[in-house]
Each structure stands twice: as structure tokens, then as C-alpha cells.
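A.B. asks: Requesting a structural model of the entry that follows:
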Amino acid sequence: MVPLDFEEFCLAMGGRQLADLIRDSFEGLKPLPDALHKRATRLWREYMLVGGMPQEVVSYVEERDFAAVDYVKRGILSLYLDDMGKYGNGDASRVRSVFAQMPGQLAKHEKKFTLASFYSSARMRKYDSAFFWLEDATLVNVCRNSTDPNVGLGPHEDGGSLKCYQADTGLLVSQAFADSAEMLGEVYREIILDNLSINEGMLVENAVAQQLKAHGRPMYFYSRYERGNSRDTMEIDFLIVRGYDNAAMKPRVSPVEVKSTKRCGTSSRDKLRASFGKRLGTEYVLHPGQLQVEGDRVCLSLYASFCL
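C.D. replies: Below is the predicted model:
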């Protein structure tokens, strides 16, 4: 079952006009009025917590109760674990290990999946089938490293370097806070009000990945690490291919970075453009603030990620 993207969540919540205004804002590169921006930001935060699975959304639309939604989500996660045992065959234990490790892996600053962090002698090739099983079952969204960004991202894929996102942002929240079940209603309220000290970047980046996947975007990122040479070390959260205005709408690679704060730092994108300038098109930074445009750099509000 495929989860709803944020636009579909807006429609379910009676916000069709708001969704249309967000898309108009993106296409015209003009920020929403402040009141609408605040409304869209609040709805986006609700979406991150509730998720897009139909059962979750129906529960929230009817009851507006995070605790009730969490009960539904925990039931879905339980069914997932049962299915892994029934249909995972010889990979069942690896499938469960990868799935269980997702919140911890995404909580890291660098979100690449590191098998050695939970099994010292593990090798990616032995877990390939586990990732394939989870991805084929639409339980995760796997994002792979494209080492030579070009309009054809796939031919330069590094099979040993990947990020693994939960397919549904709401399920990630329940999975990440599994030990806080009794207090989860309060936790949800604190997150909505931005009062809880957590690694919100984990939730935000996962939700953006969900939007890209919902719209058929192949999932790639760019990472380069040079030991002892920070000048050439960089990581770009996502790479997408879009028509570029300054090249007669010919396809170009657009780097996409996700920020949980309003800062739109440029360090990694500057390095990427210095290395691959002619291949790149518009750069996007998704952040909680208003839309801003500076030449080929567009800072988009997070809620507009479904437009990419």
C-alpha cells in the first residue's frame, strides 16, 4: 500500500485550495502570504507525524487524536514484522535487522547506512537481498550514491553506499519513539509546537524522500569523502533531473538539500558546482522558512517538496 504524499494529505484534510496555492507559489517562485505559510507549515508538521498511510489519515481526519493514530501505526508496524517472518525466507533475520536499524541510521549526521554499526563483520553484498526485499515490498525508500552526477544518474551508482528511508514518515515517528509509547501523545504535541529537542533532520529528510518517491523520482544522492581534505569533502542529500530554464529547458542535475532550520548554507552546493558546473541546473534548499530566490538557487518551504 503506497502512502499519500503531502498534497494528497492536504486534500484529505480539506485543504485543496491550500495545496493549489502551494503549487502556484512554486511555479511562480513567489512566497505565500505569511498567514498561509504558517497554516501550510503547521499542516506539514502534522503530516510528518501522522504519515500518509490511508489508515493513519482516516484515523486523524476522524479523531484529530495523535494517540489514536499512533495505535493504528503500531498495528501496521506489527503486521510488517509478521510479514518479514512469513515471507522473508532465508533473509528474514537480515530484513528485520535492517528495518529495525533505520531510525538509528537516519539519526546520524551522515545518514548513509552503515552495517558495521550493528554487526562488525557485516558486508553490504550479504545484505543486498534484504534491502531488495524491503524495497520491493514498498516498506522502505532506498537512495543510492551517484558518484558522477549527470542526467543519467544510474550508470554511476555506487552499490555499496546507500541511505535507507522509512517509506512512511508517520511510521518512522512511531518506530523512533517506540520506547515512549505511554508519553507519545505529549511527544507529538511538543514536536508540533517545535518545543522538543530531537534530531528533527531525520524526520524532515525522510518526509522529503517520501515526496520524491511518490512522484516517481529515482532516488540518488551525492557523497564524496577525501580523508584529510575537507575542501573536497561534500554531501548532497538528493539529486534529481529537471528541465533548466537557462538551457532551453534541457535536462540538468538539480541538487536538493534538506534543512530542519531556516539557514540555507551553500558549502556543499558550492563545491558541487565547482566540480560539475555545466551539468547542474537549479539548486534547491528545502527549509522551514519562506520561499527565497537567489539566481539559480531556490530556497523552498518544506511543504512545497511535493512540487519537485
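
A.B. asks: drop to CA atoms for contacts and neighbour counts, all remaining ones
C.D. replies: OK.

A.B. asks: Compute the first-to-last residue distance for stretch 223-236.
C.D. replies: End-to-end distance for stretch 223-236: 6 Å, by CA to CA, to the nearest Å.

A.B. asks: For that stretch, buried residues please.
C.D. replies: 223, 234-236 (16 or more other CA atoms under 10 Å).

A.B. asks: what comes into contact with it?
C.D. replies: Stretch 223-236 has contacts (CA atoms under 8 Å, 6 or more residues apart in numbering) with 145-147, 221-222, 255-257, 268-269, 271-272.

A.B. asks: Just the buried subset of those residues, please.
C.D. replies: Buried by 16+ other CA under 10 Å: 145-147, 221-222, 255-257, 268-269, 271-272, out of those.

A.B. asks: now these as TSV including secondary structure, distance to residue 68 and pLDDT?
C.D. replies: Formatted as TSV, the buried ones among the contacts of stretch 223-236 follow (DSSP: H, G, I helix; E, B strand; the rest coil; distance: CA to CA, whole Å; pLDDT from 0 to 100):
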residue	secondary structure	distance to residue 68	pLDDT
145	strand	38	94
146	strand	40	95
147	coil	43	92
221	strand	35	96
222	strand	39	95
255	strand	38	96
256	strand	34	97
257	strand	33	96
268	helix	41	83
269	helix	42	84
271	helix	46	89
272	helix	45	90
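
A.B. asks: Quick one: neighbours of residue 294, just the number.
C.D. replies: Burial of residue 294 is recorded as 8 neighbouring residues (other CA atoms under 10 Å).

A.B. asks: Look up how far residue 93 lies from it.
C.D. replies: Separation of residue 294 from residue 93 (CA to CA) stands at 49 Å.

A.B. asks: cool, residue 146 as well?
C.D. replies: For residue 146, the distance to residue 93 - CA to CA - is 29 Å.

A.B. asks: Which ones among the buried residues of stretch 223-236 lie within strands?
C.D. replies: 223, 234-236 (DSSP state E).

A.B. asks: Switch those over to CSV; also include pLDDT and distance to residue 208.
C.D. replies: Conversion of these to CSV gives the following (pLDDT from 0 to 100; distance: CA to CA, whole Å):
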residue, pLDDT, distance to residue 208
223, 91, 18
234, 88, 20
235, 91, 16
236, 94, 14
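
A.B. asks: Now flag whichever of those is closest to residue 31.
C.D. replies: Closest approach between these and residue 31, by CA to CA: residue 236, at 24.5 Å.

A.B. asks: Bridging across strands, which residues link to residue 242?
C.D. replies: Under the criterion DSSP bridges, residue 242 forms beta bridges with residue 252.
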